[in-house]
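A.B. asks: sequence first, then the predicted structure, then my questions.
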Amino acid sequence: MGIIATLIIGAIAGWLGGTIYKGSGLGLIGNIIIGILGSGVGYWLLGSVFHISLGEGWIGAILTGAIGAIVILFLINLVFKKRSNSRIRNQKPPKNIQYFRGFLVNVLKITFLRWQSRFFRL
């Protein structure tokens, strides 16, 4: 595979891995580097360890690189954890999210009570 194709596949795989993992943004050059390294890690992990092939060609290379990029991003975020601002961490969610959570909890309670009354009739 040519150098240009490797860079394109690396950029797509790094971008895909970054969007799936939701880690910190690394930019275009960071995505290319993570994607190329992730391709190596993905081929080793899927091929040697799990004996799985995601196919040949561009799609298989992108998917394998994305899986490897996710592994690398997980390890990077494990080693270099961001220090979050305590004010942001202790901040309450917006009202609409609180209402949705309350609604969801009530629906789950009602569903559980209906299930319980069906199977445990006295």
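C.D. replies: Yes, it's here.
A.B. asks: quick one: average pLDDT of stretch 52-70?
C.D. replies: What stretch 52-70 shows for mean pLDDT is 86.
A.B. asks: just stretch 100-108 next, same as before
C.D. replies: In this model, stretch 100-108 has a mean pLDDT of 74.
A.B. asks: can you pull the pLDDT of the residue nearest the centre of the chain?
C.D. replies: Centroid-nearest residue in the chain: Y21, 2.6 Å away (criterion: Cα atoms, centre = their mean). Y21 carries a pLDDT value of 79.
A.B. asks: so who does it touch?
C.D. replies: Going by Cβ atoms under 8 Å, 6 or more residues apart in numbering, Y21 touches 69-70, 73-74, 77. Quick note: C-beta positions are derived from backbone N, CA and C, even for glycine.
A.B. asks: now, which of the residues you listed lie within helices?
C.D. replies: Using DSSP state H, the members of the contacts of Y21 that fall in helices are 69-70, 73-74, 77.
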